[in-house]
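K.L.:
got a structure for you, letters missing:
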């Protein structure tokens, strides 16, 4: 998580479809109290991770327990945990978080084990906890990444229902030499 990411530092003057009113509503963290999700999509370098981190930092300042994880690294860690016997402990740690941030979702297709782990995490959190997911892919393409249509339907039904969508547009802010989030 970007430790220095703060809502106050977001730039709304860059044309990337970032709604200041929506972000301010997310920053009050009512979505966490309501157990709703936030899905942030857009191209590489547009500021998805920074926005998710800023919301996560705000949630921490308001006293919520937050876990930030790169999705691929989390699945890799959980795969290792299954083999060394610490899986239940790792899943329990995730369950306890009032906000889970899964960054860079969908960079690689999921195998059966990843699908079942994602289903378990989302099922446990549905209606009980909030999740923020960032992805370069639009939500409609998440079916292909998940791979199994039945599990994809179940996972996405739980994620997308009761979610706030932030769909960023435009080119990479990193390419502009000056980081503007």
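P.N.:
Now that the structure is in, tell me what you want to look at. Since the model is a prediction, treat every value here as computed from it, not as a measurement. Residues are numbered from 1 along each chain as shown.
K.L.:
drop to CA atoms for contacts and neighbour counts, all remaining ones
P.N.:
OK.
K.L.:
if I look at the residue nearest the centre of the chain, what pLDDT would I see?
P.N.:
When Cα atoms, centre = their mean is applied to the chain, the residue found nearest the centroid is residue 133 (1.8 Å). Per-residue pLDDT puts residue 133 at 98.
K.L.:
so what touches the helix or strand containing it?
P.N.:
Using DSSP states H and E, residue 133 sits in strand 130-135. Applying Cα atoms under 8 Å, 6 or more residues apart in numbering, the external contacts of strand 130-135 come out as 31-32, 35-42, 48-49, 52, 98-107, 125.
K.L.:
just checking, which of those belong to strands?
P.N.:
37, 38, 39, 40, 41, 99, 100, 101, 102, 103, 104, 105 (DSSP state E).
K.L.:
got a list of contacts for the next helix or strand along the chain from the strand holding residue 133?
P.N.:
Using DSSP H and E, the helix or strand that directly follows strand 130-135 along the chain is helix 142-146. Identification of contacts with helix 142-146 by Cα under 8 Å, 6+ apart yields 106, 108, 109, 110, 111, 115, 149, 152, 153, 156.
K.L.:
just the helices from the chain, written as ranges.
P.N.:
According to DSSP state H, the chain carries its helices in the segments 20-27, 30-33, 48-61, 71-84, 87-96, 112-125, 142-146, 149-160.
K.L.:
and the angle from the fifth one to helix 112-125?
P.N.:
If I follow you right, that is helix 87-96. Here the directions of helix 87-96 and helix 112-125 differ by 40 degrees (axes from the mean of the first three to the mean of the last three Cα atoms, to 10 degrees).
K.L.:
which strands or helices does helix 87-96 pack on?
P.N.:
Packing partners of helix 87-96 (3 or more Cα pairs under 8 Å, 6 or more residues apart in numbering; DSSP states H and E): helix 71-84, helix 112-125.
K.L.:
swap in the third one?
P.N.:
In this structure, helix 48-61 packs against helix 20-27, strand 37-41, strand 66-70, strand 99-105, strand 130-135, with contacts taken as 3+ Cα pairs under 8 Å, 6+ apart.
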